[in-house]
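# Give me a 3D structure for the following:
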Amino acid sequence: MHLTPEEQSRFDALLEPIVENDAVQSMKTFVQHGSVSTFDHCLTVAQTAFVLNSRLHLGGDECIVVHGGMLHDLFLYDWHDSHWTHSYKHAEYARRNAVTHLNADVRVQAVIRTHMWPIGITHVPVSREAWIVCMADKMVSAHETVLQRAGGSPFAKRAESRAH
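A predicted model of the protein is given here:
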């Protein structure tokens, strides 16, 4: 998914206040899906959500979409050690970390808290931004898990080049 120069500029400006945070940067040390780091996964979700919102004219607040996408998996541990409990608990850990490390506002917290729906059946997205990030996360996760287990995704490669 290529961004136009104008879209890239807007995306970078929205991401800039949070991307260099030490907690966000530490996501590079954790593997999310296959060979994709949690940082790269979140960056791709943020970009995908941004593009969906912008190009489909969904009307979500761009800042909430990008910040929610980038912070939705800020759980800061190796989920492979917790397996089955991870999918039910990590959104709350990520939400708490986003508040602790970045003072995330309530709208970003709601995006993070509900991104696992329908697995978190009682945590249904209620805002436009939460639905956008939830769908972007499903799209990116499916791609990372099924389509690019070993070889590296074009999404992740672009995210990797942006991260360095």
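# Just the element for Gln32, please.
Assigned by DSSP states H and E, Gln32 belongs to strand 31-33.
# So which bits of stretch 114-124 are buried?
Within stretch 114-124, the residues that count as buried by 16 or more other Cβ atoms under 10 Å are 114-117, 120, 123. C-beta here means a position set from N, CA and C on the backbone, and glycine is covered the same way.
# Run the chain-centre distance for that stretch.
A distance of 15 Å separates the C-alpha centroid of stretch 114-124 from that of its chain, computed with Cα atoms, centre = their mean, to the nearest Å.
# now what about it, what contacts it?
Identification of contacts with stretch 114-124 by Cβ atoms under 8 Å, 6 or more residues apart in numbering yields 68, 72-73, 87-88, 90-91, 113, 125-126, 130, 133-134, 137.
# Out of those residues, which end up buried?
Applying 16+ other Cβ under 10 Å to these flags 68, 72-73, 90-91, 113, 125, 130, 133-134, 137 as buried.
# give me the low-pLDDT residue ranges for this structure?
Low-confidence regions of the chain, defined by pLDDT under 70, span residues 1, 33-34, 76-88, 120-122, 147-164.
# Make JSON lines out of the contacts of stretch 114-124 and add secondary structure and distance to Val36.
Shown next, in JSON lines, are the contacts of stretch 114-124 (DSSP: H, G, I helix; E, B strand; the rest coil; distance: Cβ to Cβ, whole Å):
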{"residue": "Gly68", "secondary structure": "helix", "distance to Val36": "19"}
{"residue": "His72", "secondary structure": "coil", "distance to Val36": "14"}
{"residue": "Asp73", "secondary structure": "coil", "distance to Val36": "11"}
{"residue": "Ser87", "secondary structure": "helix", "distance to Val36": "17"}
{"residue": "Tyr88", "secondary structure": "helix", "distance to Val36": "22"}
{"residue": "His90", "secondary structure": "helix", "distance to Val36": "16"}
{"residue": "Ala91", "secondary structure": "helix", "distance to Val36": "19"}
{"residue": "Arg113", "secondary structure": "helix", "distance to Val36": "23"}
{"residue": "Pro125", "secondary structure": "coil", "distance to Val36": "23"}
{"residue": "Val126", "secondary structure": "coil", "distance to Val36": "29"}
{"residue": "Ala130", "secondary structure": "helix", "distance to Val36": "23"}
{"residue": "Val133", "secondary structure": "helix", "distance to Val36": "17"}
{"residue": "Cys134", "secondary structure": "helix", "distance to Val36": "19"}
{"residue": "Asp137", "secondary structure": "helix", "distance to Val36": "13"}
